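Student: no sequence on hand, only this structure:
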């Protein structure tokens with residue numbers, strides 16, 4: 001069945017979807033009503049047509065600016081730098097941060113041939129230079145992997161002297177976790193990032 005194989009191959013290109021999951025999704029669409037399938041197709045087409053990047057922070061939006069950049073109550077002196085738009089939602093759920101964001105759309109990865117030119121670093125620097133009021137803090141919230149660390153160090157070096165302070169999010173032992181089950185790297189980062197009580 002060429003059509004079914006084509007659908008399975010298309011679904012496998014989605015991040016995190018393996019062969020079995022792609023087959024289950026395909027089976028769902030085969031059993032779904034015509035109306036359900038049409039609704040799914042229309043939703044995909046609408047997202048491609050209507051969702052754009054915010055010209056300020058590069059998150060997703062449908063109107064000129066995203067809701068966070070439009071919000072007059074946000075702290076304009078703080079910018080949290082993240083790799084992907086989905087990271088904003090995770091931080092917003094905490095309710096602990098009330099500043100602005102900047103989305104890089106990736107991380108620097110020399111092994112994958114992705115340098116600072118392929119992510120939104122130049123736009124961040126331009127934004128910091130033109131900010132009024134001036135940016136007092138840039139919080140770097142890239143992933144705690146080798147690419148995220150490389151990106152964080154690179155950004156910290158570029159931003160030093162241009163903003164009041166450059167900080168990195170803490171990471172380490174999760175709340176409710178047992179220290180004896182932590183790997184050495186996580187525990188090491190926890191010790192380095194310890195805070196005063």
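Tutor: Thanks, I have it. For clarity, every value in this text was computed on a predicted model and none was experimentally measured.
Student: for the rest of this, base every contact and every neighbour count on C-alpha atoms.
Tutor: OK.
Student: just want the most central residue of this protein.
Tutor: residue 84 (2.1 Å; CA atoms, centre = their mean).
Student: distance of that residue from residue 130?
Tutor: 23 Å (CA to CA, to the nearest Å).
Student: cool, residue 188 as well?
Tutor: 38 Å.
Student: and what of residue 90?
Tutor: 28 Å.
Student: wasn't residue 122 part of a strand?
Tutor: No. Checked against DSSP: H, G, I helix; E, B strand; the rest coil, residue 122 lies outside a strand; its state is helix.
Student: check what pLDDT the residue nearest to it when sequence neighbours are not counted gets.
Tutor: Of all residues not flanking residue 122 in the chain, residue 116 sits nearest, at 7.8 Å (CA to CA, 6 or more residues apart in numbering). Note for residue 116: predicted pLDDT of 90.
Student: and residue 116, how far is that from residue 136?
Tutor: On the measure of CA to CA, residue 116 and residue 136 end up 23 Å apart.
Student: ok, now residue 151?
Tutor: 20 Å.
Student: for this protein, what spans make up the helices?
Tutor: Ranges of helices in the chain, per DSSP state H, are 2-12, 19-31, 34-50, 67-70, 85-94, 121-130, 146-159, 184-192.
Student: just the buried residues of the longest strand seen in the chain, please?
Tutor: Scanning the chain for the strand with the most residues, using DSSP state E, yields strand 75-82. Buried residues in strand 75-82, counting neighbours by 16 or more other CA atoms under 10 Å, are found at 76-82.
Student: same thing with stretch 9-17?
Tutor: 11-12.
Student: and stretch 26-43, by the same measure?
Tutor: 26, 29.
Student: and what of stretch 143-150?
Tutor: 143-144, 147-150.
Student: for residue 7, which non-adjacent residue is spatially closest?
Tutor: residue 26 (6.6 Å).
Student: kindly report the same for residue 55.
Tutor: Residue 55 sits nearest to residue 65 (CA to CA, 6+ apart), 6.7 Å away.
Student: what residues are up against the one you found?
Tutor: Contacts for residue 65 (CA atoms under 8 Å, 6 or more residues apart in numbering) come out as 54-56.
Student: residue 164 now?
Tutor: 135-137.
Student: of those, keep whichever come out buried.
Tutor: Judged by 16+ other CA under 10 Å, buried ones among the contacts of residue 164: 135, 137.
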